[in-house]
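Student: pasting a predicted model and its sequence here:
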Amino acid sequence: MQVLDPEVQAKKYTPYAGRWIACIADQVIGQGGTPEQALHAAQASRFKETPHITYIPYTPPLSINPFLEKIAARFSPDFPVYLVGGAVRNAMLNHPVHEMDFVLPEQAIKHARKIADHFKGAFYILDQERDYGRVLIPQPESLPLVLDFTPLQGNNLEEDLKTRDFTINAMAVGIHPPHPLYDPLGGAQDLHARLLRTCSPSSFKEDPIRLLRGIRFSLQFELKPDRETKKHMREDINLIQEISAERLRDELFHLLENRKPAAAIKILDSLEALHYCFPELCDLHGLEQTAPHIHDAWQHTLEVVNQLEKILDALAPRVDVDKTSNLQMGLISHQLGRYRNQISAHLQQDLVQRRSIRALFFLAAFYHDSGKPACQKVEQDGAICYINHELVGADLVTRRGLQLQLSNNEIKRLQLIIRNHMRPLWLAQTGSLPSRRAKFRFFRDTGSAGIDVCLLSLADTLATYGYTLPADVWQHHVEVIRSLLEAWWEHKEEEIYPPLYVNGNDLIDELKIHPGPVIGQLLDEIKEAQATGEIKNRRQALELATKLLSEKKVG
């Protein structure tokens, strides 16, 4: 096997770029995704002759990640190491590559440890028995580069690739230039045709998590499942219930993290898989709502998530004029655009490693009205109300969070968002902007989750009214949200978390009282009075505490 000079192949063999060809006297007599396929194709017509097997590089070559060359330098060209899966797919789509999976014949953990030592990265054993290792290489001003090393599955690379989920992930490149491509199942062609195809009819049975990955890939890369993949997906969808809670959680968070989360949930629903993932949402189907709502509870929920994604796009760090071209998004951009970077940084935080606040936020958006079915009440005039649905919804999402084994911090945040999601609307309905006391109490109860509540409230209002939304109602609602976010990001020390003029010891010494719950109650009252500007010094703080004690308003 050989690789032709790039200038030669560019002139004569451009149509075969990224393929292996079999040649006799410069005539192509066979081609394929691997050297073996090219040879077999040639032997079908010229079985008595021995062709030259040649790889035709892409021109220009695939842009993977500059760090790949450094890794390649640590391995001899005679030792076959391949970059496989998502990194190859992303390189073909010109997407950034931050995670690289390598397969090698043997001793994967040993080689991973050597790479970690050489580049001063962190090393982890993922699976001792199966010889899986991981390396994290720190990157300046970026997330660490994730390198996974695993041994070949099967007798050779082609057998390994055929065990994978979808053809677009069943490609590999050699780590040494010109990075020859191995594509036995035609993944590159499927990617070009925007087609999602499983590697085998039993793919979903072998690992049901692939059902959810298929939905994610179809939306993320705008791929259409082929007929057989659709058929097997519908036949095997019930296997989702066999997925462990941890793996189900992680894949669902991937769905929520990516573009079009509402579309992902709609697909789950159409496949009759929603009750395996988010059963509480099933009861929203057909749940009637009266004006100003224009949708039933299920369609409203989907529209809230759609609108939330549009809002986050309108407030992205880089302004996209197309995303702010209508009056509603234009007003959001104008009034809240000064907080673009803060909102982006907020959503990118992880409460748990590799699970972002953004994904958790979308989960809260899906569950924000989940309590409505249990709270529905029809008034005498025919109006439908859902009193305390936010409290019931907070309980429902707590149970779902426990089932998915979310952390306590994640569950608490979900509770805060859902329990308080009506408060900005109530503030807007007063007809004026929130007072300092209202802003203090809002963030006292929600903390940083109040940012999510504000953004969710905007999406909720847009989804509720739709095309019937009066311009003045929308403008006032946006101004209320601006006032809240301004307090959080511009006046936090004065209006939200003022440094107290006194502490617990001061109260004990000055007021001659004993330690106990009353101390905390007094400090809370003092903090609120400071935030609202009612007291401005230590003396006034002590006077307030004395007054509260004498009037028996604490204790």
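Tutor: Good, I have the coordinates.
Student: setting the sequence-adjacent residues aside, check what's closest to P515.
Tutor: Leaving out its chain neighbours, the residue that sits closest to P515 by CB to CB, 6 or more residues apart in numbering is I508, at 6.3 Å. Glycine gets a C-beta too; all of them are placed from N, C-alpha and C.
Student: that neighbour and V28, how far apart?
Tutor: 91 Å (CB to CB, to the nearest Å).
Student: give me the more crowded residue out of these two.
Tutor: V28 (20 against 14; other CB atoms under 10 Å).
Student: so the more buried one is in which element?
Tutor: strand 27-32 (DSSP states H and E).
Student: who touches stretch 451-467?
Tutor: Here stretch 451-467 makes contact (CB atoms under 8 Å, 6 or more residues apart in numbering) with 292-295, 300, 303-308, 311-312, 328, 332, 343, 346, 357, 361, 364-365, 368, 413, 416-417, 420-421, 423-425, 446, 469, 473-474, 477-478, 481, 484-485, 488.
Student: the same query, at a cut-off of 7 Å, please.
Tutor: Contacts with stretch 451-467, where a contact means CB atoms under 7 Å, 6 or more residues apart in numbering, come from 292-294, 300, 303-304, 307-308, 311, 328, 332, 346, 361, 364-365, 368, 417, 420-421, 423-425, 446, 469, 477-478, 481, 484-485, 488.
Student: buried ones only from the residues you listed, please, as a ChimeraX command.
Tutor: Burial among the contacts of stretch 451-467 is assessed by 16 or more other CB atoms under 10 Å; the matching ChimeraX selection reads:
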select :293,294,300,303,304,307,308,311,328,332,346,361,364,365,368,417,420,421,423,424,446,469,477,478,481,484,485,488
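Student: what does the helix or strand harbouring Y276 contact?
Tutor: Using DSSP H and E, the element containing Y276 is helix 274-277. With contacts defined as CB under 7 Å, 6+ apart, helix 274-277 is touched by 240-241, 252, 268, 281-282.
Student: could I get the buried residue list for that helix?
Tutor: For helix 274-277, by 16+ other CB under 10 Å, it's 274, 276-277.
Student: next step: the contacts of helix 274-277 restricted to helices.
Tutor: Within these, residues falling in helices by DSSP state H are 252, 268.
Student: with distance to H192 and pLDDT added, can I get the buried residues of helix 274-277 in TSV?
Tutor: Putting those into TSV (distance: CB to CB, whole Å; pLDDT from 0 to 100) gives the following:
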residue	distance to H192	pLDDT
L274	32	97
Y276	33	96
C277	32	97
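Student: just checking, what's the longest helix in the protein?
Tutor: helix 471-490.
Student: looking at whatever helix or strand comes next after that helix now, give me its mean pLDDT.
Tutor: For helix 471-490, the succeeding helix or strand toward the C-terminus, using DSSP H and E, is helix 504-511. Averaging pLDDT along helix 504-511 gives 91.
Student: and helix 504-511, what does it pack onto?
Tutor: helix 517-531, helix 538-550 (3 or more CB pairs under 7 Å, 6 or more residues apart in numbering; DSSP states H and E).
Student: gap between the first one and the chain center?
Tutor: Think helix 517-531. The chain centroid and the centroid of helix 517-531 are separated by 39 Å, computed with CA atoms, centre = their mean, to the nearest Å.
Student: ditto for stretch 116-133
Tutor: The answer for stretch 116-133 is 26 Å, by CA atoms, centre = their mean.
Student: A42 contacts Q31, doesn't it?
Tutor: No: using CB atoms under 7 Å as the test, A42 is too far from Q31 to be in contact (8.6 Å).
Student: could you tell me which residues touch both of those two?
Tutor: Joint contacts of A42 and Q31 (CB under 7 Å, 6+ apart) are A22.
Student: out of the two, which sits in the more crowded spot?
Tutor: Neighbour count, other CB under 10 Å: between A42 and Q31, A42 has more, with 24 against 20.
Student: assign a three-state SS to the closest residue to P178 other than its chain neighbours, would you?
Tutor: Leaving aside its sequence neighbours, P178 sits nearest to P57 (CB to CB, 6+ apart; 4.0 Å). Three-state call for P57 (DSSP: H, G, I helix; E, B strand; the rest coil): coil.
Student: secondary structure element for H118, which one?
Tutor: Using DSSP H and E, H118 maps to helix 108-119.
Student: how near is the residue nearest to P178 to L68?
Tutor: Taken as CB to CB, the span from P57 to L68 is 15 Å.
Student: who's more crowded, the two?
Tutor: L68 (24 against 21).
Student: with adjacent residues omitted, what lies nearest to the more buried one?
Tutor: That would be I175: by CB to CB, 6+ apart, it lies 6.3 Å from L68.
Student: against D117, how distant is the one you found?
Tutor: 18 Å.
Student: with F123 instead?
Tutor: Taking CB to CB, one finds F123 at 8 Å from D117.
Student: who has more neighbours out of these two?
Tutor: The neighbour comparison of F123 against D117 (other CB under 10 Å) goes to F123, with 16 against 11.
Student: surely S407 meets Q353?
Tutor: No: applying CB under 7 Å, one finds S407 not in contact with Q353, separated by 10.2 Å.
Student: the two: which is more packed in?
Tutor: Set S407 next to Q353 and count neighbours by other CB under 10 Å: S407 wins out with 12 against 5.
Student: what's the closest non-adjacent residue to the more buried one?
Tutor: In space, S407 is closest to V352, 5.0 Å off (CB to CB, 6+ apart).
Student: just to check, that neighbour is in contact with E410?
Tutor: Yes: using CB under 7 Å, V352 makes contact with E410 at a distance of 6.3 Å.
Student: more neighbours: which of the two?
Tutor: Of the pair V352 and E410, E410 is the one with more neighbours under other CB under 10 Å, namely 21 against 12.
Student: packing partners for the helix or strand in which the more buried one is found?
Tutor: Counting by DSSP H and E, the element that carries E410 is helix 408-419. Here helix 408-419 touches strand 350-352, helix 357-367, helix 389-403, helix 449-465, going by 3+ CB pairs under 7 Å, 6+ apart.
Student: quick one: mean pLDDT over that helix.
Tutor: 98.
Student: any idea how far that helix is from the middle of the chain?
Tutor: 17 Å.
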